[in-house]
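*Asks:* attaching a predicted model along with its sequence, questions to come.
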Amino acid sequence: MADFWKRFSRNRGAVIGAAILLIVVIVALLAPILFPQSPWRMVQRPFLPPLTMDQYPLGTDAVGRDVLTGLAHGAQVSLLVGLISTVAALLIGIPIGALAGYFGGWLDDALMRFTEFFQTVPNFALAIVLVAIFEPSIFSIVAAIAIVSWPPVARLVRGEVLSLRSREYVEAAILAGQKNGTIIVRQVLPNTLSPIIVLASLMVATAILLESSLSFLGLGDPNLMSWGYMIGAARTVIRQAWWLSFFPGVAILLTVLALNLIGEGLNDALNPRLARKGR
Amino acid sequence: MLKRLSTLAAALLISTALHAEPVSGGRANVVIQPEPPSLMVGLIQNGPTQMVAGNIYEGLLRYDKDLEPEPQLAKSWEISEDGLTYTFHLHENVKWHDGEPFTSADVVFSADEFLRETHPRLRTSLEHVESITAPDDHTVVFKLKQPFGPFIGIFEVGTMPMIPKHIYEGTEYENNPANNTPIGTGPFKFEEWERGSHILLTKNEEYYEEGLPYLDEIYWHVIPDAASRAVAYEAGVVDILPGGSVENFDVQRIADMENTCITDEGWEYFGPHSWMWLNNREGPTADKRFRQAVMYAMDRNFAKDALWNGLGKVATGPVSSSTRFYSDDVKQYEYDPEQAKALLEEMGYDGETVRLLPLPYGETWQRWAEAVKQNLEEVGINAEIVATDVAGWNQKLAEWDYDMAFTYLYQYGDPALGVARNYISTNIAKGSQWNNVEGYENPKVDELFEKAAVAVTQEERQELYNEIQQILVEDVPVAWLLELGFPTIYRCNVKDLVTTAIGVNDGFKNAYVEE
C-alpha cells in the first residue's frame, strides 16, 4: 500500500487532482450544513452580480436564487450521478466481458455482437433518446448513462480475461476441480481490477459530463439543481449574466479534470511497468 | 380675450398637425414567429396567421383598446332594442385585391357558408343566429334566435374575416389554389412568400379609406431562433418585434436601446390569462382549502417582475381586466404564506406530493414553475415538477393525468366567449386542453353563465358576471396567475402601430414611419 502511494504521488498532476476532488467531495458532503437552505429558494433580487453582497458572493440567477448554494448542492448531484451510473455500468459490463472472455466460442460471439450494437450508436444520441422516452428523472438519467457507458468495460474485461485464462494458475484451478464461476470470481477477476479501476475513474468523469450535457439540453431532473442545469438555464441570459454559466462551468471543468488526473495517477500506480515504459 | 384664445387654439392645432402629420412611404420590417402554416385566415386561425393576414383581410368591425367597436368594412350599424337584429351598412366603394367589388353577398357567404364550415370558434357563436340576409348590396342583417350579449364582439378580422365569394363559392375550400395567394379587401396586398425566409405585402393603392395606408410595404422576416431575432433587431435588420418574438430575458436589454419603444397594449381583445389547472377531482387539489392555500402561497408580483419584466398584471380572478364585465370586487389573494399554512393545517394536509406540469413553451415558463414550486414548498406543500414536451403536456391534460399544470388562454373580449368554457360543467370532457380541464362542477355557476350570455342589457350582464366572479374566486377552481403582458418592441419613429385591441394584427393600416 505504501508502495502504491509512493508511485501515485510521484505523478504530481494526480496529487493535485486528488486534492481538487477531495475539496469537491467535502463541499458535496457538507452542503446541507454549510448551505441549509434549498438551492431553489429565491433569496435576493434576480441577476445580482457576484461580489456585490457579502452574503451571496457569487451573485444570484434569473429568479434570484443563490449561485453558491446551487454550486454546493450541484456538487452532490453531479458526484452522485457520476458514481452511481459508473457502478451500474460496471455491474453490466464486467459480467458480460468476463463471460465472453472466459468461455469464448459462440457465447463470446453473441455477447460481443450485442456489445458492438451499443457501441455503434453514438453515446450521447442514445442517452438523449433513452431519457426522452422515460421522462427525465434522476433514475432515467442514471440508467441512460449506465446503458451507454458499459460497452468499453465489457471489451476491456474480455481482453484481460482472455489473456488470463490461459495462465498456468487458471489451468491449475481447473485441474483442481474448481467450478467455472469460482474460477472467474476468485482467480481471474481480481487480476483484472487495476485496469478496471483506472477506467472507472475516467468513467465517473464522463458520466458527470453526460449528466451536465443532458441537463444543459433541458433533459435533467427538473427537481434537482445540478451544474448542467445551472448552465442550461443560464444559456439564454449569457449576455446579461455571465456568472451564471461561468461558475458551474468552472466547477465541471475542475472536477472532470481532477478525475482524469487521478485516473492517470492510478494508472501509474497500478501498472508500474507500463508507466515506466511510457516515460 | 376670446380672440386671443382662438389664436392660441389655432396655433396649438397647427403645431399638433405639424407633429402628427403622417408621412407616406417606407417599409416596415417585422419579425414573424413562428412561420405561419398558411395566410388564409378563414381556414387557419393560429397566432402568426392572424398577425400577417389581419392586414390582407378585414372584418366588418375593428375594436379599440376598450373593446368598443369601430367601423371597418361596415361604416355604421344598428342594434334593435330587443337585441335580436343587427344591421350593418357597408362601405360602398370597396374592391377585392383582384378588382372585383365587395358587396353584402360576400358577407353572407363568409359568415353563413364559409366560416360556419371552417371556423369552430365562430361557429359556436353563430349558433345563436337565426338568419343572415342581404336586403341590398350594401346592407347586411343578422337576426338572432335570442339575445346574445357578446355578439357585437365577434366581427374582428381573426374571428369573422370577409372571404371573397367569387373565388370560393362552390369550390373545395381547403384545396382551393387561391389559398396560396390570399385575396382580401385590406390595406395591404399579398406579394410574395418565400418559405423559410420572408413574406412580403405591398400597399393596396385602391384602398377605400382615403390616404391609407401610409406604408409601401410590410416585410415579415422568418427567423426561427429567438436569440437571432433579438440580434436582428439590434443590428437594424428588423424594426418591429411583435409580442412573443424574443425571450423575456432579452426584453429589458433591447428595450434599453436608443430609439426603442415598448408597449404591452394591443392584446386587449385576446386578454391572455395565465393560470394553473388544479385537478378538482382527486388528491389534495380536490379540497377547496388546499386550492386557496395555493393562491396565498404564490408570490405573483415577484413572478411578474422577475420573469415578465414587470409587464402585465396580477390576475384577480377568472376574467381579465381588459375583458368586458371584469370586476375586482372579489376576494383578494395577496401573497400570504402564513394564511396558506393555516389553511393547510385546517384541512389536515398530509404532505402528499403534487405533480406540477410546467408549460413547455421555453425558459420563462420553466423558471416560473420552479419559482412556484419553491413558493409551495415554503408553506409545506410537497411539489414535484414533471418534465414534459409539448405532446406529452397536451396528452396529460387531455387525459386529466396531472395535479397542477400551467397554461394560458385567450378571452376574446367577452366572458361568454373566453371564460365560461373553462368553468361550466357541460364542458367537462377528455381530449381537450381548452375546456373545463380542472373538472369544476357548480350548478349555480352553470346557470349564471347561461343567463349572462343571453341577458339583453349590459347592466344585467355585469351583475350576473359579478356574481360569477365572486363565486369562482371563493372556490378557486384554478389558480390564477397573471394577465400576461406581451411586449411589442419597435423603433420609436414607427408611429401609430398599436392602435387597436388586436395590436399589430391589424395595426399597419394606420402605421407610418417618421423620418
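*Replies:* Thanks, I have it.

*Asks:* contacts only, for the nearest residue to A:Asn271 once chain neighbours are set aside.
*Replies:* Excluding the flanking residues, the one nearest A:Asn271 by C-beta to C-beta, 6 or more residues apart in numbering or on different chains is A:Ser194, at 6.1 Å. C-beta here means a position set from N, CA and C on the backbone, and glycine is covered the same way. For A:Ser194, the contacting residues are A:Leu266, A:Leu270, A:Asn271, by C-beta atoms under 8 Å, 6 or more residues apart in numbering or on different chains.

*Asks:* neighbours of the nearest residue to the first one once chain neighbours are set aside, how many?
*Replies:* Of all residues not flanking A:Leu266 in the chain, A:Val198 sits nearest, at 4.9 Å (C-beta to C-beta, 6+ apart). By the criterion of other C-beta atoms under 10 Å in any protein chain shown, A:Val198 has 21 neighbours.

*Asks:* now A:Val198: how far from chain B?
*Replies:* Relative to chain B, A:Val198 is positioned 35 Å away (C-beta to the nearest C-beta, to the nearest Å).

*Asks:* so which helix or strand takes in that residue?
*Replies:* Following DSSP states H and E, one finds A:Val198 within helix A:193-216.

*Asks:* and B:Leu481, that one's in a strand?
*Replies:* Yes: the assignment for B:Leu481 (DSSP: H, G, I helix; E, B strand; the rest coil) places it in a strand.

*Asks:* who are the neighbours in contact with it?
*Replies:* Contacts of B:Leu481 (C-beta under 8 Å, 6+ apart): B:Ser274, B:Trp275, B:Met276, B:Met298, B:Arg300, B:Ala303, B:Val314, B:Ala315, B:Trp368, B:Phe406.

*Asks:* among those residues, which are in helices?
*Replies:* B:Arg300, B:Ala303, B:Trp368 (DSSP state H).

*Asks:* got the contact list for A:Gln178?
*Replies:* A:Arg186, A:Gln187.

*Asks:* what does B:Asp403 give?
*Replies:* Per C-beta under 8 Å, 6+ apart, neighbours of B:Asp403: B:Leu278, B:Asn279, B:Gly283, B:Pro284, B:Thr285, B:Val354, B:Arg355, B:Leu356.

*Asks:* just say helix, strand or coil for B:Lys143.
*Replies:* Secondary structure, three-state DSSP: B:Lys143 is strand.

*Asks:* from A:Ser194, how far out is it?
*Replies:* In this structure, B:Lys143 and A:Ser194 are 91 Å apart, going by C-beta to C-beta, to the nearest Å.

*Asks:* near chain B, which residues of the stretch 151-279 of chain A are found?
*Replies:* Selection of the stretch 151-279 of chain A residues close to chain B by C-beta under 8 Å from any C-beta of the partner chain yields A:Gly218, A:Leu219, A:Asp221, A:Pro222, A:Asn223, A:Ala233, A:Thr236, A:Val237, A:Arg239, A:Gln240.

*Asks:* related to what we said a few turns ago, which of the contacts of A:Ser194 ranks first by neighbour count?
*Replies:* The most crowded member of the contacts of A:Ser194, judged by other C-beta under 10 Å, is A:Leu266 (25 neighbours).

*Asks:* next one: phi and psi at the nearest residue to B:Lys373 once chain neighbours are set aside?
*Replies:* Leaving aside its sequence neighbours, B:Lys373 sits nearest to B:Ala383 (C-beta to C-beta, 6+ apart; 4.6 Å). Backbone torsions for B:Ala383, taken as degrees, to the nearest 10, come to phi -120, psi 150.

*Asks:* what is the neighbour count of B:Ala383?
*Replies:* Counted with other C-beta under 10 Å, residues neighbouring B:Ala383 total 20.

*Asks:* what's opposite it in the beta bridge?
*Replies:* With DSSP bridges applied, B:Ala383 shows beta-bridge pairing to B:Val354.

*Asks:* and A:Thr86, how many neighbours?
*Replies:* Residues contacting A:Thr86 under the criterion other C-beta under 10 Å number 26.

*Asks:* centre of the chain to the helix holding A:Val198, how far?
*Replies:* 3 Å (C-alpha atoms, centre = their mean, to the nearest Å).

*Asks:* could I get the contacting residues of B:Lys451?
*Replies:* Applying C-beta under 8 Å, 6+ apart to B:Lys451 gives the contacts B:Leu464.

*Asks:* which helix or which strand is home to it?
*Replies:* Per DSSP H and E: helix B:443-454 holds B:Lys451.

*Asks:* and that helix, average pLDDT?
*Replies:* For helix B:443-454, mean pLDDT rounds to 92.

*Asks:* tell me what the nearest residue to B:Pro22 once chain neighbours are set aside is bridged to.
*Replies:* Of all residues not flanking B:Pro22 in the chain, B:Tyr512 sits nearest, at 4.1 Å (C-beta to C-beta, 6+ apart). Listed by DSSP bridges, the beta-bridge partners for B:Tyr512 are B:Lys495.

*Asks:* and B:Tyr512, how many neighbours?
*Replies:* Look at B:Tyr512: counted by other C-beta under 10 Å, it has 22 neighbours.

*Asks:* where exactly do the helices run in the stretch 1-150 of chain A?
*Replies:* A:2-10, A:12-34, A:67-103, A:105-120, A:123-133, A:138-164 (DSSP state H, counting those that start in this stretch).

*Asks:* can you redo the ones you listed as a markdown table with mean pLDDT?
*Replies:* Converted to a markdown table, those look like this (pLDDT from 0 to 100):
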| stretch | mean pLDDT |
| --- | --- |
| helix A:2-10 | 84 |
| helix A:12-34 | 93 |
| helix A:67-103 | 94 |
| helix A:105-120 | 93 |
| helix A:123-133 | 91 |
| helix A:138-164 | 93 |
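
*Asks:* got CSV for those helices, with distance to A:Leu257 too?
*Replies:* CSV is the format used below for the helices of the stretch 1-150 of chain A (distance: least, C-beta to C-beta, whole Å):
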stretch, distance to A:Leu257
helix A:2-10, 17
helix A:12-34, 7
helix A:67-103, 14
helix A:105-120, 26
helix A:123-133, 20
helix A:138-164, 19
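
*Asks:* and of those, who's closest to B:Thr388?
*Replies:* Closest to B:Thr388 of these, according to C-beta to C-beta: helix A:123-133, at 10.6 Å.

*Asks:* give me the contact list for that closest one.
*Replies:* For helix A:123-133, using C-beta under 8 Å, 6+ apart, the contacting residues are A:118, A:140-141, A:143-145, A:147-149, A:210, A:213-214, A:217, A:219, B:389.

*Asks:* list the buried residues in that helix.
*Replies:* By 16 or more other C-beta atoms under 10 Å in any protein chain shown, the buried positions in helix A:123-133 come out as A:Asn123, A:Ala127, A:Ile128, A:Leu130, A:Val131, A:Ala132.

*Asks:* measure stretch A:132-139 end to end?
*Replies:* End-to-end distance for stretch A:132-139, by C-alpha to C-alpha, to the nearest Å: 12 Å.

*Asks:* what's the answer for stretch B:78-91, then?
*Replies:* 15 Å.

*Asks:* buried ones in that stretch?
*Replies:* B:Gly83, B:Leu84, B:Tyr86, B:Thr87, B:Phe88, B:His89, B:Leu90, B:His91.

*Asks:* next: stretch A:146-160.
*Replies:* Buried, per 16+ other C-beta under 10 Å, within stretch A:146-160: A:146-158, A:160.

*Asks:* list the contacts for residue 266?
*Replies:* In the absence of a named chain, chain A is used. Here A:Leu266 is in contact with A:Phe8, A:Ala14, A:Ser194, A:Ile197, A:Val198, A:Ser201 (C-beta under 8 Å, 6+ apart).

*Asks:* oops, wrong one, chain B.
*Replies:* Contacts of B:Gly266 by C-beta under 8 Å, 6+ apart are B:Lys65, B:Gly243, B:Thr488, B:Val498, B:Thr500, B:Ala501, B:Ile502, B:Gly503, B:Val504, B:Asn505, B:Gly507.
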